[in-house]
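Visitor: next come a sequence and a model predicted from it.
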Amino acid sequence: MDRHRDRLAHPPLPQLIEHLRRFPTLEALRRSAWYHEHRRALARLLNTPELYPSPGARPRLRAFIRAVQWNIEKGKAFDGLVEILSRHPVLKYADLIFLNEVDDGMARSGNRHVARELGARLHMHVAFAPAHLELTKGWGDDVHAPGENRGGRQGNALLSRYPLGDVRIVELPAEFELFEFAEKRFGRRVALVAEVLIDGKPLIAIGVHLEVRTTPRGRARQMAALMETLDRWSMRGPALLAGDLNTHTFSRGTRWRTIHSTARLLLASPPRLKQRLLRPHRSGSEPLFAILEQRGFEIDAFNSSQPTHRSHLTTLEDADHLPGPIRSWVLSRLARYDHRLDMKLDWMAGRDVRALRAGELTDAATGITSLDPQAIPSLVVQGRPLADHDPIVVDIRLAGGSASRHR
């Protein structure tokens, strides 16, 4: 039986969202009698992980585990995602897939429960951790999507061809409040923590999406809170962390931060900036990596230095914080970057898990050979990019044993 939200335990989600969007500020919401009446229902919606087993789930590789991390941009290109994950020569062998920005009941993504439907199409078990209730249709082109939202949630998901055990949600400290933002949301950033059973042995899978509109120290606070929660839950042993960590190295979210970051951008030499954006774990510009390493997670062996996101400077929302003439001047000065910054925002990190190298192991049943950690760039189906991030791939093996003998 699926473990999912009890729809009889609270008013229908569209009704809750309709009431939430009426409040202009979070403070006004929290002072209201309506909130005090419904806050437990809201908490259940956001704090209850969902698990959807698949009877047909079988690992595709036996000698090692292929893991993928991908921010799928809400799942708006759903059919293309299914095609790529089913047919791509590398991605189709992934038995663990970590996903960020996963919609449930949003017009922009066809009102699908994206994670559950992906799992059904790929014959994979699914765990879903809601992070936000979406109070609008989105922003940009999202607002022109046909129809209206039938639900309205977004979160993180894990798809697995290995059995899933315990699944939990970790709430992360708030570093930016989206309730009063243009794309109005109610909720917070979260991590999904799931026990993946491999030959009966647990691998702790941690899927996380850190805040983009904050400072590097803000992201470090979120990572520290995640690690402290895992310690409190006594979740030790083999672990694989994956996520969009938003390690762009700049400070965002306020006018002062934008001015400060713009000055850094204008003063930096392009070669040095490139190194900082692609290797922030070595430049010290994102202290969250030091926190991971202190907790026994290895980073270098699980990642390449390829970019996973290309930020077009002419369309950055932060530019709205700058006065018009200054904005025009700044954008003209950024021509030396071809008005684009290539960033590595998506990461894997392992503890008591070994990342494999190219050719190190070959799966006897399929003939598939292990690969170096890498990004898979420029994924397009029918001329349409599938997401604004590239997926990353790592082949792993649990320390001291084979990946699976699951039949």
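Guide: Received the coordinates, thanks.
Visitor: may I ask you to confirm that D395 belongs to a strand?
Guide: Yes. With DSSP: H, G, I helix; E, B strand; the rest coil as the criterion, D395 is part of a strand.
Visitor: please report how far it lies from S234.
Guide: 28 Å (CB to CB, to the nearest Å). Glycine gets a C-beta too; all of them are placed from N, C-alpha and C.
Visitor: ok, now P287?
Guide: Computed as CB to CB, the P287 to S234 distance reads 25 Å.
Visitor: more neighbours, these two?
Guide: Higher neighbour count among P287 and S234: P287, with 17 against 7, using other CB atoms under 10 Å.
Visitor: got the contact list for that one?
Guide: P216, R217, A220 (CB atoms under 8 Å, 6 or more residues apart in numbering).
Visitor: got a ChimeraX select line for the buried ones in those residues?
Guide: The following ChimeraX line selects those of the contacts of P287 that are buried, judged by 16 or more other CB atoms under 10 Å:
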select :216,220
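Visitor: and the contacts of P287, which is closest to Q306?
Guide: Set against Q306, the nearest of the contacts of P287 by CB to CB is P216 (21.0 Å).
Visitor: might one say that that closest one is in contact with G284?
Guide: No. Under the criterion of CB atoms under 8 Å, P216 is not in contact with G284, lying 9.4 Å apart.
Visitor: on that earlier part again, possible to save the contacts of P287 as a markdown table with secondary structure and pLDDT?
Guide: Output for the contacts of P287, formatted as a markdown table (DSSP: H, G, I helix; E, B strand; the rest coil; pLDDT from 0 to 100):
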| residue | secondary structure | pLDDT |
| --- | --- | --- |
| P216 | helix | 96 |
| R217 | helix | 97 |
| A220 | helix | 98 |
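Visitor: could you export the contacts of P287 as CSV, including distance to T25?
Guide: Output for the contacts of P287, formatted as CSV (distance: CB to CB, whole Å):
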residue, distance to T25
P216, 28
R217, 26
A220, 28
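Visitor: out of the contacts of P287, flag the one nearest to L265.
Guide: Distances from L265 to these, taken by CB to CB, are shortest for P216, at 14.8 Å.
Visitor: got a list of what that closest one touches?
Guide: For P216, the contact set (CB under 8 Å, 6+ apart) comprises T247, T249, S251, S285, E286, P287, L288.
Visitor: same check on A28?
Guide: With CB under 8 Å, 6+ apart, A28 has no contacts at all.
Visitor: could you say which helix or strand holds it?
Guide: For A28, the element it lies in under DSSP states H and E is helix 26-31.
Visitor: name the residues linked to the spatially most central residue of the chain by a beta bridge.
Guide: Centroid-nearest residue in the chain, with CA atoms, centre = their mean: N100, separated by 2.8 Å. On the basis of DSSP bridges, N100 is bridged to N71.
Visitor: can I get the CA coordinates of stretch 79-98 in CSV?
Guide: Taking C-alpha atoms only, stretch 79-98 is exported to CSV below (Å, rounded to 0.1, in the frame of the first residue of the first chain):
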residue,chain,number,x,y,z
ASP,A,79,7.9,13.4,-21.8
GLY,A,80,11.4,14.4,-22.7
LEU,A,81,12.6,13.4,-19.2
VAL,A,82,11.0,9.9,-19.6
GLU,A,83,12.6,9.5,-23.0
ILE,A,84,16.1,10.5,-21.9
LEU,A,85,16.0,8.5,-18.7
SER,A,86,14.8,5.5,-20.6
ARG,A,87,17.1,5.6,-23.6
HIS,A,88,20.2,7.7,-23.0
PRO,A,89,23.2,5.3,-23.1
VAL,A,90,24.5,6.5,-19.7
LEU,A,91,21.3,7.6,-17.8
LYS,A,92,19.2,4.6,-18.6
TYR,A,93,21.4,2.5,-16.3
ALA,A,94,21.0,4.8,-13.3
ASP,A,95,19.5,2.8,-10.4
LEU,A,96,19.4,5.8,-8.0
ILE,A,97,18.1,9.2,-9.3
PHE,A,98,18.0,12.2,-7.1
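Visitor: please renumber the chain so that the first residue is 46 from this point on.
Guide: Noted, 46 is the first residue going forward, which turns the last one into stretch 124-143.
Visitor: list the contacts for the nearest residue to P283 once chain neighbours are set aside?
Guide: Excluding its sequence neighbours, the residue lying closest to P283 (CB to CB, 6 or more residues apart in numbering) is D397, at 4.3 Å. By CB under 8 Å, 6+ apart, the contact set of D397 is G282, P283, A284, G341, L443, A444.
Visitor: pLDDT below threshold where in the stretch 46-195 of the chain?
Guide: Applying pLDDT under 70 to the stretch 46-195 of the chain picks out residues 46-55.
Visitor: in the helix or strand following the helix holding A73, what counts as buried?
Guide: Using DSSP H and E, the helix or strand that follows helix 71-76 towards the C-terminus is helix 78-92. Going by neighbour count (16+ other CB under 10 Å), the buried part of helix 78-92 is Y80, H83, L87, L90, L91.
Visitor: what's the neighbour count on the nearest residue to the first one once chain neighbours are set aside?
Guide: Excluding its sequence neighbours, the residue lying closest to Y80 (CB to CB, 6+ apart) is L74, at 5.2 Å. The burial count assigned to L74 is 18, neighbours taken as other CB under 10 Å.
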